[in-house]
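Student: 3D model of this:
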Amino acid sequence: MWLLLLFFGFLIIIVFIVRSKVQDAYLEKYQFPETVIAKFKEKHKTLTDADIELVQEGLRKYFYISSHSSDIVIMPSVVVDDLWHEFILYSKEYNSFCRQAFGRFLHHSPNDTKTFDVDMARFLAWEKSCKLEGLNPFTTSELPSIFKIDEQFNIKNGLYYSVSKERYWYRRYYEKLEEERANSCGSCG
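Tutor: Okay, here's the model as predicted:
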């Protein structure tokens with residue numbers, strides 16, 4: 001009986017890993033619908049085709065870090081968020097994309113909402129964006145691409161970051177989480 005349960009446990013893990021890799025590959029190769037890109041171009045006339053490719057890559061990266069997080073991750077870019085908004089308006093295509101890329105519908109929540117822990121969402125965005133690009137979130141001397149794209153394209157009312165401030169904030173929040181973890185496990189050990 002135990003062997004059978006163990007076998008099914010391993011089988012579930014294998015299915016989960018394979019499904020995750022298939023979803024990641026789908027996301028990496030996904031081409032946003034031309035209708036979405038055309039509407040986005042209407043709003044961002046100063047962006048070149050190469051710039052728009054970078055925005056699309058930023059949205060893919062955001063989707064990737066969101067899909068690999070159990071919590072909500074803030075959107076660190078206004079221009080990337082604009083593309084996401086356009087995509088959501090094409091609800092049939094967006095729903096189909098979500099089912100293929102995540103196995104579920106990925107909802108959009110404004111960064112200023114009170115329905116989730118914004119600090120944790122910011123922490124995860126920084127940490128996962130850094131790790132995705134091979135940067136150490138504690139010591140990096142450069143911003144992850146999704147954190148610098150608004151400034152790169154001089155987006156009006158965009159989100160602009162300082163790498164030293166983000167590292168400092170990340171370290172402080174990390175220390176807070178470690179302290180909370182230690183305090184919640186007072187009788188552990």
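
Student: Now name the helix or strand holding Val55.
Tutor: helix 49-67 (DSSP states H and E).

Student: helices and strands around that helix, which ones?
Tutor: helix 2-29, helix 34-43, helix 78-89, helix 118-132, helix 145-152 (3 or more CB pairs under 8 Å, 6 or more residues apart in numbering; DSSP states H and E). The way it works is simple: take the backbone N, C-alpha and C, and place the C-beta from them, glycine included.

Student: got the buried residues for it?
Tutor: 52, 54-56, 58-67 (16 or more other CB atoms under 10 Å).

Student: Could you list the low-pLDDT ranges of the chain?
Tutor: Low-confidence regions of the chain, defined by pLDDT under 70, span residues 1-20, 22, 111-116, 185-189.

Student: Kindly recompute the last result at 50.
Tutor: Along the chain, segments meeting pLDDT under 50 span 15.

Student: if I pick the nearest residue to Glu166 once chain neighbours are set aside, what's in contact with it?
Tutor: Excluding the flanking residues, the one nearest Glu166 by CB to CB, 6 or more residues apart in numbering is Trp126, at 5.8 Å. Taking CB atoms under 8 Å, 6 or more residues apart in numbering as the criterion, Trp126 is in contact with Pro76, Pro137, Pro144, Phe147, Glu166, Trp169, Tyr170.

Student: so which two of these are the farthest from each other?
Tutor: Maximum pairwise distance among the contacts of Trp126 (CB to CB): 14.1 Å, between Pro144 and Trp169.

Student: more neighbours, the two?
Tutor: Pro144 (27 against 16; other CB atoms under 10 Å).

Student: Settle this for me: that one is touching Leu135, isn't it.
Tutor: Yes. Using CB atoms under 8 Å, Pro144 is in contact with Leu135, at 6.2 Å.

Student: Please list all residues in contact with the residue nearest to Tyr161 when sequence neighbours are not counted.
Tutor: In space, and not counting its chain neighbours, Tyr161 is closest to Phe147: 4.8 Å by CB to CB, 6+ apart. Listed by CB under 8 Å, 6+ apart, the contact partners of Phe147 are Pro76, Ser77, Trp126, Ser129, Leu159, Tyr161, Glu166.

Student: Perfect, that will be all.
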